[in-house]
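In: My questions are about this predicted structure, shown below with the sequence.
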Amino acid sequence: KGIALNRALKENLFTLFFGITNKIPVIIVGKPGCSKSLSVQLLYQAMKGESSENKLFRYYPRIILTSFQWSKTSTSQGIEFVFDKAKKIVIGEKGKEKIISLVYFDELGLAELSKNNPLKALHKLLEYDEMKKDEQVAFVGISNWVLDASKMNRGLFLSIIDPDEKDLEETANTIADSYRDNLSGDNPTLFKGLADTYYYYKDYLTENKSNNKDFHGSRDFYHMIKLAARITINQPNATDPWKPCLERNFGGLKDVMKIIKEIYSKHAIDKNKIEQPSNEYKLMECIIDNTNDPKSRYLLVISKSSLSPFLISNLLDSQTIQKEYLFLQGSKFSGDCEKDIYAAEILNKIQKCMEEGKLLMLQDFDFIYPSLYDLFNQNFTVVGGKNFARIALGKSNNAMSYVHDNFRCIVLVEAEEIDKQDSPFLNRFEKHILS
């Protein structure tokens, strides 16, 4: 539900299937939201050997996945540990021709930001010509930006381009129809209008050479369409259903709301029904809707005042929400941020909050956020009907942590710090400015 078999996903799946079955290393590079992680997950779920649901995959080996979530604290010893673990699966195993041991590195680009330079170990590990056949494992690495040539030329390199207008319209229709048959056909002006708005909004940012052209990305588009589908089904008589879709998913920048509403009014078919676009929208109502909506993304609040945590806390304590929450604020001392034990203590508190289903507020944890990218994605691994997210702990360990259905997260970022945040981090959240 909510997955569109668009051009990017099809290219990812084709390249991954070819590379994995032939044990050719694959590195996929693309902007956030271009289905890199999703394609790996879909192929892993499909390739179960003789137990595969699809007849085609029954003729191919079963994938055994060894995954690793990169963070800025990862080391070269961590890489070697993961590869050794994957090799042990096939070395000396009976019937090993029926299995493929796959090493999957998520957020590979973060490793290049590490002071430990961990990717130097990757060179020899991908020199398959010098390995015994038994020691060869399949490898997939995904990154939001291009790595240096010494790594990229050791396997298949797939660079994902931005979607065009037609691709966005097809994606919007496919996502809508996954919620209800022919939902896009019953509401053609809404979904086409939203898809065209996103395309021309990104085009506007490029033409005006905006420094924030990647502040919003494909994930914002996908969640806008998903929200439009839910509103159309649950509130069939809603007036201006496009408005909350834009306001909930394209906030966080000064004057952006007026710009994107103007673009929608220009490309919408029912132009006469659209009021004069403005930057004003009901911010607190959006925050409340996000917090109470289990289908929404986690929230990033850009704070222009030191009172923002207090305002959010009051809102959470109000009759409107009434959620039990935990507020954690990180240390700004560099000595604390560099200590593994400090990061481990914070991650343990976060894991406990996830398990208990509380609302978690985080501030000043830039050194920990990359370890939580899989959690922020909300593309959970489901085992026994329960959600699990991969948390990067320390230099080489990843833990699959239980995520309660009621768990929600709010990240607070000061306005003067927002330009320092990477787009892969920003694109994972619904964003709003609180002044």
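Out: Great, that's in hand. Residues are numbered from 1 along each chain as shown.

In: alpha carbons only for contacts and neighbour counts from here, please
Out: Noted.

In: Just give the closest residue to Leu375, not the sequence neighbours.
Out: Nearest non-adjacent residue to Leu375, counting by Cα to Cα, 6 or more residues apart in numbering: Ala389, 5.2 Å away.

In: what's the first-to-last distance across stretch 24-37?
Out: For stretch 24-37, the first-to-last residue distance is 18 Å (Cα to Cα, to the nearest Å).

In: gap between that stretch and the chain center?
Out: Centre-to-centre, stretch 24-37 and its host chain are 12 Å apart (Cα atoms, centre = their mean, to the nearest Å).

In: I'd like to know the average pLDDT value across that stretch.
Out: When pLDDT is averaged along stretch 24-37, the result is 91.

In: In a helix, the residue nearest to Leu375, correct?
Out: No. Secondary structure assignment (DSSP: H, G, I helix; E, B strand; the rest coil) places Ala389 in strand, not in a helix.

In: and the gap between it and Tyr373?
Out: As for Ala389, its distance to Tyr373 is 9 Å (criterion: Cα to Cα).

In: List the contacts of the spatially most central residue of the chain.
Out: Nearest to the mean C-alpha position of the chain, counting by Cα atoms, centre = their mean, stands Asn377 at 3.6 Å. The neighbours of Asn377, taking Cα atoms under 8 Å, 6 or more residues apart in numbering as the test, are Arg428.

In: pLDDT score assigned to Pro277?
Out: At Pro277, the pLDDT value in this model is 66.

In: do the same with the one 5 residues further on
Out: According to the predicted model, the pLDDT of Lys282 comes to 82.

In: Skipping its backbone neighbours, what lies nearest Thr197 in space?
Out: Nearest one to Thr197, counting by Cα to Cα, 6+ apart, is Tyr264 at 5.1 Å.

In: Please identify the helix or strand for the one you found.
Out: helix 256-267 (DSSP states H and E).

In: Please apply the same query to Val140.
Out: strand 138-143.

In: Partner strands of that strand and their direction?
Out: If you go by DSSP bridges, strand 138-143 pairs up with strand 26-29 (parallel), strand 99-106 (parallel).

In: what's the closest of the ones you listed to Asp220?
Out: Ranking those by proximity to Asp220 (Cα to Cα) places strand 26-29 first, at 19.0 Å.

In: In PDB, could you pull the C-alpha coordinates for the closest one?
Out: Extracted C-alpha coordinates of strand 26-29, given in PDB (Å, rounded to 0.1, in the frame of the first residue of the first chain):
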ATOM      1  CA  VAL A  26      26.300  -2.700  -6.600                       C
ATOM      2  CA  ILE A  27      26.400   0.900  -5.400                       C
ATOM      3  CA  ILE A  28      23.200   3.000  -5.900                       C
ATOM      4  CA  VAL A  29      23.400   6.800  -5.600                       C
END
